[in-house]
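Q: From the sequence below, what's the structure:
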Amino acid sequence: MTQSPDTPNRSAGRESRRAAFEWIRRILRQGETLEDAGAAIPRLRDLQPRDRAFARLLTTTVLRRVGQLDNAIARCLDRPLKGKLNAVQDLLRLGAAQVLFLDVPAHAAVGETVALATGVRVGPHQGLLNAVLRRLVREREAILADQDAERRNTPRWLWQAWCETYGEETARAIAAQHLQEPPLDISVKADREAWAERLEAEILPTGTLRLPPGSGDVRRLPGYGDGAWWVQDAAAALPARLLGDVSGRHILDLCAAPGGKTAQLAAAGATVLAVDRSKQRLQQLGENLNRLSLAAATVAADLTEWTPPQPAEAILLDAPCTATGTLRRHPDIARLKRPEDVPSMAAVQRDLLAAAAQMLAPGGTLVYAVCSLQPAEGSEQVDVLLQSRNDLERVPVRPEEIGGLSEAITPAGDLRTLPCHLGERGGMDGFYACRLHKRES
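A: As a prediction, the model looks like this:
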């Protein structure tokens with residue numbers, strides 16, 4: 001399947017490719033995240049919006065398809081490239097992504113990638129680049145037909161974990177969603193139908209407004225500057241809804257930044273105390289709320305050492321995690337995370353969940369959420385907590401609370417969205433959430 005980028009002119013296209021090459025290398029060679037790496041590239045900031053979007057599409061396509069790209073390139077080489085030629089490998093990945101998966105004319109994909117070699121100091125290897133990319137043009141259909149895209153592009157440890165947890169059929173459906181550019185999801189403060197009409201958006205069963213992939217710079221869309229809505233994946237909007245009607249209630253929002261769920265709660269009429277250990281991220285949260293003309297009190301603190309002014313009647317804990325449920329929007333995660341990150345994050349989550357339970361008032365509700373597909377970060381955390389305390393009980397999620405998505409409710413009554421849910425409409429992020437009630441003493 002190819003995607004059709006809004007291809008820049010030749011000069012701008014070369015700058016877009018140069019920026020994408022640097023972006024790719026910062027992620028794959030230096031371990032930076034997609035967003036951090038992009039923010040550190042001056043030439044990317046200098047591009048026009050259309051050209052910047054092309055650079056981002058090139059980068060994310062390489063990240064999504066690197067397994068297929070490396071396999072295809074290897075078929076065209078007599079022997080593997082030496083480690084010191086990693087810049088050549090990354091140029092080949094950039095060119096191959098255009099040849100195999102983007103609707104870029106073959107002469108531009110090959111010619112511009114080869115031309116880029118001189119600028120990035122691998123000019124002596126232009127002949128190799130040209131030969132490999134031209135062979136990919138000739139053998140494209142045969143190569144793609146012989147590849148298992150879902151499996152090749154999924155790190156082995158994730159593929160095995162998802163097959164074990166969800167079965168191979170579902171694991172394959174999850175991986176298939178990761179290969180597609182995701183749609184743009186937004187949450188509105190009010191007038192959902194009116195904004196859906198104005199933005200030409202689809203209203204999902206969960207109430208989220210969805211625009212197609214490639215909708216452009218969100219800051220240029222109607223309503224953004226007026227603070228009428230914010231970007232939030234359809235799945236990310238569900239955990240806060242498990243607190244029920246929050247109008248007039250005091251809510252403790254833990255690990256709150258960057259504030260999508262804080263905005264949800266405030267827009268629904270709650271009085272929110274948002275807590276996060278990062279002052280910088282809390283500043284971002286404040287800026288987001290200011291744009292939306294919403295308000296919340298904030299505290300910068302380590303949750304394991306902080307105590308609220310009084311026990312909370314309702315708590316939302318969106319804990320830090322490996323974020324393996326968000327590969328649709330953050331394909332860098334598949335390339336940066338390692339198996340050992342799961343137990344490491346699980347230890348942090350265990351402490352945070354125990355601290356949150358301690359903050360909860362008798363009769364209160366705690367919603368624990370993570371955007372991870374790994375059970376060790378989700379249901380297993382809740383199981384450990386319930387084994388250690390006899391004053392907490394699960395409150396099962398009901399289909400009507402989450403837009404009728406009964407397939408997203410586990411046998412235990414927890415929320416478990418998968419990227420393949422609503423797959424025919426563009427999917428959704430993988431989220432786990434459990435609602436707990438503290439019994440009256």
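Q: any chance you could map the helices in the stretch 1-150 of the chain?
A: 10-28, 34-39, 42-45, 49-75, 86-101, 106-119, 126-145, 149-152 (DSSP state H, counting those that start in this stretch).
Q: Just put the ones you listed in a markdown table and tack on distance to A171 and mean pLDDT.
A: Yep, even glycine has a C-beta here, placed from its N, CA and C like the rest. Output for the helices of the stretch 1-150 of the chain, formatted as a markdown table (distance: least, C-beta to C-beta, whole Å; pLDDT from 0 to 100):
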| stretch | distance to A171 | mean pLDDT |
| --- | --- | --- |
| helix 10-28 | 24 | 90 |
| helix 34-39 | 23 | 96 |
| helix 42-45 | 34 | 93 |
| helix 49-75 | 15 | 96 |
| helix 86-101 | 22 | 97 |
| helix 106-119 | 32 | 92 |
| helix 126-145 | 21 | 96 |
| helix 149-152 | 8 | 98 |
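Q: Redo the ones you listed as a markdown table? Include distance to A270 and mean neighbour count.
A: Shown next, in a markdown table, are the helices of the stretch 1-150 of the chain (distance: least, C-beta to C-beta, whole Å; neighbours: other C-beta atoms under 10 Å):
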| stretch | distance to A270 | mean neighbour count |
| --- | --- | --- |
| helix 10-28 | 37 | 21 |
| helix 34-39 | 29 | 16 |
| helix 42-45 | 37 | 14 |
| helix 49-75 | 35 | 22 |
| helix 86-101 | 44 | 24 |
| helix 106-119 | 51 | 18 |
| helix 126-145 | 50 | 16 |
| helix 149-152 | 41 | 18 |
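Q: Same list (the ones you listed) but as JSON lines, adding distance to W195.
A: Formatted as JSON lines, those follow (distance: least, C-beta to C-beta, whole Å):
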{"stretch": "helix 10-28", "distance to W195": "32"}
{"stretch": "helix 34-39", "distance to W195": "26"}
{"stretch": "helix 42-45", "distance to W195": "30"}
{"stretch": "helix 49-75", "distance to W195": "22"}
{"stretch": "helix 86-101", "distance to W195": "33"}
{"stretch": "helix 106-119", "distance to W195": "38"}
{"stretch": "helix 126-145", "distance to W195": "40"}
{"stretch": "helix 149-152", "distance to W195": "35"}
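Q: Quick one: distance of the strand ranked longest in the chain to the chain centre.
A: Looking across the chain with DSSP state E, the single longest strand is strand 360-370. On the basis of C-alpha atoms, centre = their mean, to the nearest Å, strand 360-370 sits 25 Å off its chain's mean C-alpha point.
Q: so which helix or strand takes in I186?
A: Applying DSSP states H and E as the criterion places I186 in strand 184-188.
Q: Output the contacting helices and strands for that strand.
A: Under the contact definition 3 or more C-beta pairs under 8 Å, 6 or more residues apart in numbering; DSSP states H and E, strand 184-188 sits against strand 209-211, strand 229-231, helix 260-267.
Q: Map the structural domains onto the sequence of this structure.
A: The chain breaks down into these domains under automatic domain parsing: 10-147, 184-231, 239-438.
Q: What are the boundaries of the helices in the stretch 151-300 of the chain?
A: Using DSSP H, counting those that start in this stretch, helices in the stretch 151-300 of the chain cover 156-166, 168-178, 192-199, 260-267, 279-292.
Q: picking that back up, kindly reformat the helices and strands packed on strand 184-188 as JSON lines and extend each row with distance to G244.
A: Listed next are the helices and strands packed on strand 184-188 as JSON lines, based on distance: least, C-beta to C-beta, whole Å:
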{"stretch": "strand 209-211", "distance to G244": "22"}
{"stretch": "strand 229-231", "distance to G244": "21"}
{"stretch": "helix 260-267", "distance to G244": "11"}
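Q: For those, give me TSV that also has mean pLDDT, mean neighbour count and distance to D429.
A: Output for these, formatted as TSV (pLDDT from 0 to 100; neighbours: other C-beta atoms under 10 Å; distance: least, C-beta to C-beta, whole Å):
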stretch	mean pLDDT	mean neighbour count	distance to D429
strand 209-211	98	21	13
strand 229-231	98	21	12
helix 260-267	98	25	12
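Q: Quick one: closest of the ones you listed to L102.
A: L102 lies closest to strand 209-211 among the helices and strands packed on strand 184-188, at 20.9 Å (C-beta to C-beta).
Q: Just checking: what are the partner strands of the closest one?
A: Strand 209-211 has the following strand partners under DSSP bridges: strand 184-188 (antiparallel), strand 202-203 (antiparallel).
Q: Let me see the mean pLDDT of the longest one.
A: Same thing as strand 184-188. Average pLDDT, strand 184-188: 98.
Q: I41 reaches R26, doesn't it?
A: Yes. If you go by C-beta atoms under 8 Å, I41 and R26 touch, sitting 7.3 Å apart.
Q: Can you pull the residues that touch both of the two?
A: Common neighbours of I41 and R26 (criterion: C-beta atoms under 8 Å, 6 or more residues apart in numbering): none identified.
Q: on that earlier part again, quick one, which of the helices of the stretch 151-300 of the chain is packed in tightest?
A: helix 260-267 (a mean of 25; mean count of other C-beta atoms under 10 Å).
Q: Outside of that one itself, list whatever touches it.
A: 187, 189-190, 230-232, 236-237, 239-241, 243, 246, 251, 253, 256, 272, 274, 285, 288-289, 292, 294-296, 316, 318.
Q: Among the residues you listed, name the buried ones.
A: Among the contacts of helix 260-267, those classed as buried by 16 or more other C-beta atoms under 10 Å are 187, 189, 230, 232, 236-237, 239-241, 243, 246, 251, 253, 256, 272, 274, 285, 288-289, 292, 294, 296, 316, 318.
Q: Pull the number of nearby residues for W306.
A: 14 (other C-beta atoms under 10 Å).
Q: same check, this time on the one 4 residues further on
A: Residues near Q310, counting by other C-beta under 10 Å, number 9.
Q: ok, and the closest non-adjacent residue to it?
A: Sequence neighbours aside, A361 is the residue nearest to Q310 in space, at 7.6 Å (criterion: C-beta to C-beta, 6 or more residues apart in numbering).
Q: Same check on G413?
A: P396 (2.7 Å).
Q: just A296 next, same as before
A: Nearest to A296 is V272, by C-beta to C-beta, 6+ apart, at 4.0 Å.
Q: same thing with P258?
A: Closest to P258 by C-beta to C-beta, 6+ apart is Q284, at 5.1 Å.
Q: Quick check: pLDDT value at that neighbour.
A: Reported pLDDT for Q284: 95.
Q: for it, what are its contacts?
A: Contacts of Q284 were listed using C-beta under 8 Å, 6+ apart, and they are A257, P258, G259.
Q: I'd like to know which of those residues is nearest to E15.
A: Nearest to E15 among the contacts of Q284, with distances taken as C-beta to C-beta, is P258, at 29.8 Å.
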